[in-house]
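[1] Sharing a model prediction with you, sequence too.
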Number of protein chains: 2
Amino acid sequence: MTAKSRRANAAPQTRRPKAASRPRAAEAKREFPDERRQVLISEPARLFGSKGYENTSMRDIAAAVGILPGSLYHHFPSKGDLFIAVYSFAVSQSMDAVKAAVASRVEPWGRLEAACIAHMQGLLDKNRFAAVLVSHLSVDSLPEQVVILRDRYEAVFKELIAELQLPAGIDQRIFRLGLLGSMNWAITWYRPGGETPASIARKLLNAVRRG
Amino acid sequence: MTAKSRRANAAPQTRRPKAASRPRAAEAKREFPDERRQVLISEPARLFGSKGYENTSMRDIAAAVGILPGSLYHHFPSKGDLFIAVYSFAVSQSMDAVKAAVASRVEPWGRLEAACIAHMQGLLDKNRFAAVLVSHLSVDSLPEQVVILRDRYEAVFKELIAELQLPAGIDQRIFRLGLLGSMNWAITWYRPGGETPASIARKLLNAVRRG
DNA sequence: TCGCCAAACAAACGGTTGTTTGGTAGTTGA
DNA sequence: TCAACTACCAAACAACCGTTTGTTTGGCGA
């Protein structure tokens, strides 16, 4: 961020007020604006995820969306707010995928395995909608809202690990951070075509499995 | 990189030719130029490690060194070459620390633990000379020379893991990448003042320990 | 038909980026 | 003594950055 972000108040991604009055008039004449909105989120998500935040310019995003750079500011007040919107979308997408995968399993280690597979697939598979979640790594000074969303996502894993009934000698917090780190770091060495993300997830979990 | 790096040929960090003729004339009159060289490496290392490559400008580096921006180009042909020099320095520093720590232990798991502690301390402790090793994460297109250095460093862990005689069901490559990932990722959540890097390293290794 | 408004265009703004150029002290080797 | 060289300064360069401004377009409700 350029340390010069005016008007950083209010909830950013809560655009589209009076949303209830809009879809009433939609009679299949045109695509709904939500479809446009999705392009305005998924394209920067793809760019942020593959090139990183700093290496993705507003001009890059505008070109990918098919718009002029200045027009982006009709939808988002700043690049930072756009990133938060993208990050928020990625968190909810990935959290839905993880929860759905977990729901089909019953034993604790099986549930955690399903969560890890879903996490890795969102990170490394075709569309890679979750890659943006690990694209910052600025180490310091990432927006507070991003931290909140990240913690909310990791809380899902926190619960799954609590179910494991690990021995008392194991620190559950370090266990969680280590497991997530080993998965997230895979984005630095994973190459498509080789081992599948699901297989990698299973092997990473097997390394810490016991019993 | 800005995708427009001219003159990217030849070995970059192999500056200082005829280095053997220099220390002969040094009669304690002034500090050796090697001392200056160290500042020219350690300061950008500190900046790259804490703010990342993209967020560190040549003007930032020049100010930290105590020089004008253009003068940096007397020592390094480009920012990318400076990064490679810094990265190379960090790899050799960290590799020395790891090898020294390993030498004092005999049993395989103890040797790996010593290596992990040394790795984490270089990453997270006061000067954090190894933080630059994980400061890129550009996912794609990092210079080939950096990849070579990184692989050479990780080969140390590869040997230590081979000594462990892990069960046949454990993939040693994934085990190594997972362990290193769990440690490297700690730079995103570690805060000084709490648990020590050595303690974190021990706990992360304990999670995958067996026997 | 009128007024409104979201959405986009067209063109610039000031500032920062990595980098280049030309000159200049100070030391060094012959 | 003098040429050569190292290390640096001072000033600029073009390119790109995020962002702003003013205007145009097209569709919808009243």
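    Everything's here; your move.
[2] Centre of the chain to the lowest-mean-pLDDT helix or strand in chain A, how far?
    Using mean pLDDT, DSSP states H and E, helix A:33-51 stands out as the lowest-scoring helix or strand of chain A, at a mean of 89. Here the centre of helix A:33-51 is set off from its chain's centre by 12 Å, with C-alpha atoms, centre = their mean, to the nearest Å.
[3] And A:L160, how far from DNA strand D?
    As judged by C-beta to the nearest atom of the strand, to the nearest Å, A:L160 and DNA strand D stand 37 Å apart. Backbone N, C-alpha and C define where each C-beta goes, glycine included.
[4] Can you check the pLDDT for the residue in chain A positioned nearest to DNA strand C?
    Using C-beta to the nearest atom of the strand, the closest approach of chain A to DNA strand C is made by A:G70 at 2.9 Å. Note on A:G70: pLDDT of 93.
[5] That one: neighbour count?
    Using other C-beta atoms under 10 Å in any protein chain shown, A:G70 has 9 other residues around it.
[6] How much space separates it from A:F76?
    12 Å (C-beta to C-beta, to the nearest Å).
[7] One more: A:P69?
    Counting by C-beta to C-beta, the gap from A:P69 to A:F76 is 12 Å.
[8] These two: which has the busier surroundings?
    A:F76 (22 against 13).
[9] list the helices and strands the least confident helix or strand of chain A packs on?
    With contacts taken as 3 or more C-beta pairs under 8 Å, 6 or more residues apart in numbering or on different chains; DSSP states H and E, helix A:33-51 sits against helix A:58-65, helix A:79-103.
[10] Stretch A:201-211 and chain B, are they touching?
    Yes: using C-beta under 8 Å from any C-beta of the partner chain, we find that stretch A:201-211 touches chain B at A:203-204, A:206-208, A:210.
[11] Can you verify my assumption that A:R59 contacts A:L68?
    No: with contact defined as C-beta atoms under 8 Å, A:R59 does not count as touching A:L68 (9.1 Å).
[12] if you compare the helices and strands packed on helix A:33-51, which one is most tucked away?
    helix A:79-103 (a mean of 19; mean count of other C-beta atoms under 10 Å in any protein chain shown).
[13] Which helix or strand lies directly C-terminal to it?
    Of the helices and strands lying after helix A:79-103 in sequence (DSSP states H and E), the nearest is helix A:108-124.
[14] starting at the chain centroid, how far to that next one?
    14 Å.
[15] buried residues in that helix?
    A:108-109, A:111-124 (16 or more other C-beta atoms under 10 Å in any protein chain shown).
[16] can you state the direction angle for the least confident helix or strand of chain A and helix A:58-65?
    Here helix A:33-51 points in a direction 130 degrees away from that of helix A:58-65 (axes from the mean of the first three to the mean of the last three C-alpha atoms, to 10 degrees).
[17] picking that back up, return the member of the residues of stretch A:201-211 next to chain B nearest to A:V86.
    Relative to A:V86, the closest of those is A:L204; by C-beta to C-beta it sits at 26.3 Å.
[18] Contact partners for the closest one?
    A:116, A:179, A:182-183, A:186, B:174, B:178 (C-beta atoms under 8 Å, 6 or more residues apart in numbering or on different chains).
[19] Please repeat the previous calculation with a cut-off of 6 Å.
    Counting by C-beta atoms under 6 Å, 6 or more residues apart in numbering or on different chains, A:L204 touches A:182, B:178.
[20] Likewise for A:S182?
    Contacts of A:S182 by C-beta under 6 Å, 6+ apart are A:204, B:178, B:181-182.
[21] how far away is A:N206 from A:L180?
    Counting by C-beta to C-beta, the gap from A:N206 to A:L180 is 16 Å.
[22] Which one's more surrounded, the two?
    A:L180 (22 against 18).
[23] burial measure for A:E163, as a count.
    The tally of other residues near A:E163 (other C-beta under 10 Å) stands at 12.
[24] For it, which non-adjacent residue is spatially closest?
    Excluding its sequence neighbours, the residue lying closest to A:E163 (C-beta to C-beta, 6 or more residues apart in numbering or on different chains) is A:P108, at 4.2 Å.
[25] got the residues of chain A near DNA strand C?
    Residues of chain A lying close to DNA strand C (C-beta under 7 Å from any atom of the strand) are A:33, A:36, A:66-71, A:74-75.
[26] from the residues you listed, which are also near DNA strand D?
    Okay, of these touching DNA strand D (C-beta under 7 Å from any atom of the strand), that's A:69-70.
[27] could the residues of chain A next to DNA strand C be laid out in a markdown table, adding distance to A:Q165?
    Output for the residues of chain A next to DNA strand C, formatted as a markdown table (distance: C-beta to C-beta, whole Å):
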| residue | distance to A:Q165 |
| --- | --- |
| A:P33 | 48 |
| A:R36 | 48 |
| A:G66 | 52 |
| A:I67 | 52 |
| A:L68 | 57 |
| A:P69 | 54 |
| A:G70 | 56 |
| A:S71 | 54 |
| A:H74 | 52 |
| A:H75 | 47 |
